[in-house]
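S.K.: Got a predicted structure plus its sequence, pasted below:
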Amino acid sequence: MRNSLQVTWSVWRALFLREAVARTTGDRFAWFWMLAEPVLFVMIMVAVRELLGRIRLIVGAEFVPWLIVGLTAFFLFREGVLRGMGAIEANRSLFAYRQVHPVDPVLVRGVVEGIMRTLVLFILMFGATLLGYDIIPADPLTAMVAWVSLWLLGAGAGLVVSVVANLVYEVGIIIRMMMLPMLILSGVIIPLQTLPYQVQQYLLYNPVVHGLETLRLAFFEGYKSLSGVDFAYLWYWIIGCFVLGLALHLRFSQRLKAQ
């Protein structure tokens with residue numbers, strides 16, 4: 001007889017293989033779009049900056065590497081939220097097996113997405129290095145911790161919204177609509193340091209800002225970050241999201257299965 005931990009591990013391993021195959025082969029252009037989305041975004045923003053004649057506004061970092069790091073990190077968070085939100089519906093048929101619980105595909109999707117986005121970051125870093133950009137992190141350990149923290153923030157938020165969006169359909173629509181404004185307000189494409197001080201203080205309530213700025217500080221030596229960045233604040237959000245998300249799954253597990 002297998003104990004509960006062995007059963008859970010077997011479920012997660014099977015779900016991981018299922019999600020990995022679906023993520024990479026479910027669409028003929030899946031891998032292409034994972035790479036093309038940040039590349040096209042960078043190209044568009046560089047073109048806009050060239051037209052404005054302000055390509056080197058970032059203090060302590062080149063614009064292209066700064067943008068690549070910010071975009072890939074934000075997409076890591078975003079996909080953790082959105083794919084976690086859709087995990088229950090996509091795997092509903094598996095709930096016929098009593099060993100599979102609604103929380104399992106959400107957690108596994110977070111892991112799969114994190115691995116995929118990390119590979120994309122490495123590929124983009126390699127490509128940017130070949131083009132002559134300096135995108136090697138000045139502090140690799142801090143960069144790794146900040147990257148994993150943003151990964152966990154997305155996975156934790158995905159845990160919460162996977163329950164709420166399945167119970168209240170409109171929540172999912174609102175969350176998808178919020179992602180574009182959040183991309184701008186998180187300082188992904190616009191340096192928040194250029195905004196008025198009063199505005200900066202409100203933007204610091206966004207935990208993604210703290211993760212992105214910490215990551216950029218680790219990548220670019222001499223980078224002038226937004227004043228007030230606190231890495232501990234990001235972790236308060238991570239812990240809070242995981243505690244709330246797991247509590248919601250425990251409370252509504254049977255209802256999520258029955259829907």
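M.R.: Arrived safely, thanks for sending. Numbers count the residues shown, from 1 in each chain.
S.K.: Report the central residue of this protein.
M.R.: Using Cα atoms, centre = their mean, the residue of the chain that lies closest to the mean C-alpha position is Phe77, 1.4 Å off.
S.K.: Could you check how far it is from Tyr97?
M.R.: Distance of Phe77 to Tyr97, computed by Cβ to Cβ, to the nearest Å: 31 Å. Just so you know, the C-beta spots here come from the backbone N, C-alpha and C atoms, and that holds for glycine as well.
S.K.: do the same with Ile68
M.R.: Relative to Tyr97, Ile68 is positioned 41 Å away (Cβ to Cβ).
S.K.: repeat for Thr142
M.R.: Per Cβ to Cβ, Thr142 is found 42 Å from Tyr97.
S.K.: These two: which is more packed in?
M.R.: With neighbours defined as other Cβ atoms under 10 Å, Thr142 and Tyr97 compare such that Thr142 has more, 16 against 10.
S.K.: could you list every residue that touches that one?
M.R.: Listed by Cβ atoms under 8 Å, 6 or more residues apart in numbering, the contact set of Thr142 reads Thr214, Leu217, Ala218.
S.K.: Show the average pLDDT along the strand or helix carrying it.
M.R.: Taking DSSP states H and E as the definition, one finds Thr142 inside helix 140-167. Across helix 140-167, pLDDT averages out at 95.
S.K.: ok, and for the helix or strand that comes right after that helix, which residues are buried?
M.R.: Sequence-wise, the next helix or strand beyond helix 140-167 is helix 169-185, with elements assigned using DSSP H and E. Neighbour-count burial for helix 169-185 flags Gly172, Ile175, Met182, Leu183, Leu185 (criterion: 16 or more other Cβ atoms under 10 Å).
S.K.: Can you name every helix or strand that helix 169-185 contacts?
M.R.: For helix 169-185, the helices and strands in contact under the criterion 3 or more Cβ pairs under 8 Å, 6 or more residues apart in numbering; DSSP states H and E are helix 63-85, helix 140-167.
S.K.: Distance of Val21 relative to Arg117?
M.R.: Summarising the geometry, the distance separating Val21 from Arg117, computed by Cβ to Cβ, is 17 Å.
S.K.: Among these two, which residue is more densely surrounded?
M.R.: Neighbours around Val21 and Arg117, counted as other Cβ under 10 Å, are more numerous at Arg117. The numbers are 24 against 11.
S.K.: excluding its backbone neighbours, what's nearest that one?
M.R.: Leu76 (4.3 Å; Cβ to Cβ, 6 or more residues apart in numbering).
S.K.: Output the below-cut-off pLDDT ranges for the protein.
M.R.: Regions of the chain meeting the criterion pLDDT under 70 cover residues 1-2, 26-32, 48-57, 259.
S.K.: Can you show me the helices along it?
M.R.: Counting by DSSP state H, the segments of the chain that form helices are 4-25, 30-52, 63-85, 87-90, 103-130, 140-167, 169-185, 197-203, 207-219, 231-258.
S.K.: coming back round to it: redo the buried residues of helix 169-185 as a markdown table? Include distance to Ala90.
M.R.: Below are the buried residues of helix 169-185 laid out as a markdown table (distance: Cβ to Cβ, whole Å):
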| residue | distance to Ala90 |
| --- | --- |
| Gly172 | 13 |
| Ile175 | 16 |
| Met182 | 23 |
| Leu183 | 24 |
| Leu185 | 29 |
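S.K.: with those residues in mind, which one is nearest to Pro137?
M.R.: The shortest distance between Pro137 and any of the buried residues of helix 169-185, using Cβ to Cβ, involves Leu183 and amounts to 22.3 Å.
S.K.: and that closest one, what does it touch?
M.R.: Counting by Cβ under 8 Å, 6+ apart, Leu183 makes contact with Phe74, Arg78, Ile189.
S.K.: if we can go back for a sec, now tabulate the contacts of Thr142 in TSV and tack on neighbour count.
M.R.: As requested, those are exported to TSV (neighbours: other Cβ atoms under 10 Å):
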residue	neighbour count
Thr214	23
Leu217	24
Ala218	21
